[in-house]
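Student: With the input below, show me the fold.
(one chain, ligands or ions: 2)
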Amino acid sequence: FPKAFIFDLDGVITDTAEFHFLAWQKLSSDLGITINREFNEQLKGIGRMESLERILSLDVRFENLSFEEKERIASRKNEYYQAFIKTIQPDDILPGILPLLTEIKENKIYIALGSASRNATKILEQLHLTSTFDFVVNAASVSKGKPDPETFLTAANALNVPNADCIGIEDSAAGINAINGAGMFSVGVGNQTHLHKAHYLVDETSLLTFEDIIQQYTD
Ligand code: B16
Ligand code: MG
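Tutor: Residues are numbered from 1 along each chain as shown. Ligands and ions are numbered 1, 2, ... in the order given. Predicted coordinates:
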């Protein structure tokens with residue numbers, strides 16, 4: 001049996017991945033840049049500033065922005081995002097996640113959150129999930145974001161469990177690379193095109209069952 005499950009937040013526990021996309025899209029349109037869902041795939045799991053850099057690099061007009069200007073633009077995106085997440089409540093936990101969390105707990109396996117989002121603790125509170133998690137990685141204290149394994153290694157370290165005894169669950173390519181790089185078993189939620197490196201892949205969270213994950217992990 002594994003000793004810990006490390007969950008991504010946005011796009012796995014709740015559908016905030018969609019709100020991140022809508023907020024980036026709104027910000028991009030303010031700047032006169034168009035982004036689509038395909039482009040957004042490479043923003044998933046990537047921190048706020050680096051995501052902004054990737055968007056700004058689409059247009060030469062933004063080549064020489066100062067750090068202060070970038071920070072101002074990034075905080076505008078966060079304002080848009082926070083307006084979207086204001087109404088998040090326990091009903092917004094994605095299908096299959098609550099039963100999975102319950103079964104992990106019943107089996108006395110640790111549960112951690114490995115999110116790149118600085119809004120993570122607030123969202124967990126709104127979902128009434130704070131006490132479910134044994135450890136929450138503080139995104140602000142991670143120096144190298146996903147796809148670097150640091151986020152997942154930090155969780156394993158804090159729980160004092162070997163990396164190989166951890167299972168990470170992610171909806172982003174960057175996140176799957178981070179889990180694999182940490183020497184953990186990776187579970188992807190989404191499509192094959194973006195998440196083909198996952199050790200085990202399901203289309204949507206409703207298909208995540210404790211039994212299937214454990215079977216794939218032990219195989
Ligand atoms: P924030 P995750 C990531 O969260 C999102 O996937 C990514 O789209 C976002 O830019 C990043 O958090 C930073 O979020 O602006 O709220 O700090 O998927 O790692 O849970
Ligand atoms: Mg995610």
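
Student: Could you point out the bridge partners of the closest residue in space to Met184 that isn't next to it in sequence in the sheet?
Tutor: The shortest distance from Met184 to any non-neighbouring residue, by Cβ to Cβ, 6 or more residues apart in numbering, is to Cys166 (4.3 Å). Quick note: C-beta positions are derived from backbone N, CA and C, even for glycine. Under DSSP bridges, the beta-bridge partners of Cys166 are Ala4.

Student: tell me what the helix or strand Glu71 falls within is packed against?
Tutor: Counting by DSSP states H and E, the element that carries Glu71 is helix 67-85. If you count contacts as 3 or more Cβ pairs under 8 Å, 6 or more residues apart in numbering; DSSP states H and E, helix 67-85 packs onto helix 16-31, helix 48-56, helix 120-126.

Student: Could you provide these in JSON lines, with additional columns for mean neighbour count, mean pLDDT and distance to ligand 1?
Tutor: Conversion of those to JSON lines gives the following (neighbours: other Cβ atoms under 10 Å; pLDDT from 0 to 100; distance: least, Cβ to the nearest ligand atom, whole Å):
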{"stretch": "helix 16-31", "mean neighbour count": "19", "mean pLDDT": "97", "distance to ligand 1": "4"}
{"stretch": "helix 48-56", "mean neighbour count": "18", "mean pLDDT": "97", "distance to ligand 1": "4"}
{"stretch": "helix 120-126", "mean neighbour count": "18", "mean pLDDT": "98", "distance to ligand 1": "6"}
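
Student: Name the residues of the chain found near ligand 1, please.
Tutor: Proximity of the chain to ligand 1, by Cβ under 6 Å from any ligand atom, involves residues 8-11, 17, 20, 43-48, 51, 78, 115-119, 172.

Student: Quick one: buried ones out of those?
Tutor: Burial by neighbour count, 16 or more other Cβ atoms under 10 Å: within those this picks out 8-11, 17, 20, 43-48, 51, 115-117, 119, 172.

Student: pretty sure Ala140 is in a helix, no?
Tutor: Yes: counting by DSSP: H, G, I helix; E, B strand; the rest coil, Ala140 is found in a helix.

Student: Okay, and the nearest residue to it once chain neighbours are set aside sits in which element?
Tutor: Counting by Cβ to Cβ, 6+ apart, Arg118 is the residue found nearest to Ala140 once chain neighbours are left out, at 5.9 Å. Per DSSP H and E, Arg118 falls between elements, in no helix or strand.
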